[in-house]
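Colleague: got a sequence here, can you build the structure:
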Amino acid sequence: MSSKAPWITYRPELKVLDCTIRDGGLVNDSNFTDDEVKAVYEACVEAGVDYMEIGYKNTEQAFPRKHYGPWRHCHEEDIRRVVGDHDPDQTGLKLAVMIDAGGKSDWKTCLLPKAQSAISLIRVACYANQISEAAEMLDHAHRLGYETSLNIMAISTVKEVEIDQVLEIARGTPAQVVVVVDSNGALYREQVDHLVTKYRKALEGAGKEVGMHAHNNLQLAFANTIEAIILGCNRVDATMLGLGRGAGNCHTELLLGFLRNPKFKLRPLLKCIQERILPMKQKLDWGPSIPYNITGFLNAHPRDAMAFRDGATPDDYVTFYDQMVLDA
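Modeller: Sure, this is the predicted structure:
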């Protein structure tokens, strides 16, 4: 067998999750039109993507409809209005939503039984100190019949001993996937190696896959996702044109171009990007820029860079650098 890269990239068990609408909703407060969401949905179906994360299951009290679009709440009627009689057995695409720990979601009441929902996968997102609540959320979603995934956020800020403790708890949950989440876009290849290896070892024999969700502050999201795949990650996240908070994410079109699975089709993604995502780029600010580079170097949340980019002098890099270094 050849030792060149192409044979490594084809792995039938590897699943791709497109989170354009969910992560992109952090750029525009989830105010996508139905047509935009439907275009992403149809592109994912045609491209052979395995999962599409259509938004959050957050409360309207915390995220009121007067400001946030329907994809911050993902009520069943809103989803059905776009995807119709969605059947994953027919389309090959499963729908996912994200539920945050920490009071952002009414997770005990917001989910229908799986048999009554278009959603297949519940992704529970938590910080390390919220793992106990996250375990309860996963149990609840599992009992309702959903596939479940655990996204441990901002992992680059968590101490080693805490990661070990969190993974020990994660091992005992029904989560089928535990995702390495580089919220700050601060990880380098060596850290990805360390974390993916740690996750795989901690979860060995528990019937769980390891996932990767990379942000692009250091323009390493695609490279780090490739590294995670080579190390055995079988669940990877991406967004079209990298649409996502701050510097954005690993690009779905790059990822599918890299993967050698013949079921994936690149053209539908390119069409959706050209017709739907690229016009958003004229109105919304996302993607690599020096302020996001700086927060990545400092392993800081990109919120400061986002606020600066929204200000009167978004390209005053020196001022932003001085502010961040003085605050560090």
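Colleague: buried sites along stretch 25-34?
Modeller: Going by neighbour count (16 or more other Cβ atoms under 10 Å), the buried part of stretch 25-34 is Gly25, Leu26, Val27, Asn28, Ser30, Phe32. Heads up, the C-betas are built off the backbone N, CA and C, glycines and all.
Colleague: helix or strand right after the helix or strand bottoming out on mean pLDDT in the chain?
Modeller: The least trusted helix or strand in the chain, going by mean pLDDT, DSSP states H and E, turns out to be helix 5-9, with a mean of 54. Downstream of helix 5-9, the next assigned helix or strand under DSSP states H and E is strand 15-18.
Colleague: pretty sure Asp29 is touching Gly69, no?
Modeller: Yes: contact criterion Cβ atoms under 8 Å: Asp29 and Gly69 qualify, at 6.4 Å.
Colleague: so which residues of the stretch 51-200 of the chain form strands?
Modeller: With DSSP state E, counting those that start in this stretch applied, the stretch 51-200 of the chain shows strands at 51-56, 94-100, 119-126, 147-152, 177-182, listed in chain order.
Colleague: could you give the angle of the last one to strand 119-126?
Modeller: Right, strand 177-182. Inter-element angle recorded for strand 177-182 and strand 119-126: 50 degrees (by axes from the mean of the first three to the mean of the last three Cα atoms, to 10 degrees).
Colleague: that older thread, out of the strands of the stretch 51-200 of the chain, deepest packed?
Modeller: Ranked by mean neighbour count, these are led by strand 51-56 with a mean of 27 (mean count of other Cβ atoms under 10 Å).
Colleague: give me the number of residues near Tyr10?
Modeller: Close neighbours of Tyr10, defined as other Cβ atoms under 10 Å, add up to 11.
Colleague: and stretch 105-114, what's buried?
Modeller: Buried-residue list, stretch 105-114, by 16+ other Cβ under 10 Å: Ser105, Trp107, Leu111, Lys114.
Colleague: list the contacts of that stretch.
Modeller: Outside of stretch 105-114, the residues within contact range by Cβ atoms under 8 Å, 6 or more residues apart in numbering are 56-59, 76, 99, 117, 120, 122, 137, 140-141, 144-146.
Colleague: drop anything exposed from those residues.
Modeller: 56-59, 99, 117, 120, 122, 137, 140-141, 144, 146.
Colleague: could you work out the most separated pair of those residues?
Modeller: Put simply, by Cβ to Cβ the two of the buried ones among the contacts of stretch 105-114 set farthest apart are Thr59 and Ser120, 22.1 Å from each other.
Colleague: so where's the stretch 201-328 of the chain shaky on pLDDT?
Modeller: Applying pLDDT under 70 to the stretch 201-328 of the chain flags residues 327-328.
Colleague: okay, strands next: where are they in it?
Modeller: Assigned by DSSP E, counting those that start in this stretch, the stretch 201-328 of the chain shows strands spanning 209-214, 235-238.
Colleague: helices and strands around the first one, which ones?
Modeller: In this case it means strand 209-214. Helices and strands touching strand 209-214, by 3 or more Cβ pairs under 8 Å, 6 or more residues apart in numbering; DSSP states H and E, are strand 147-152, strand 177-182, helix 189-203, helix 221-230, strand 235-238.
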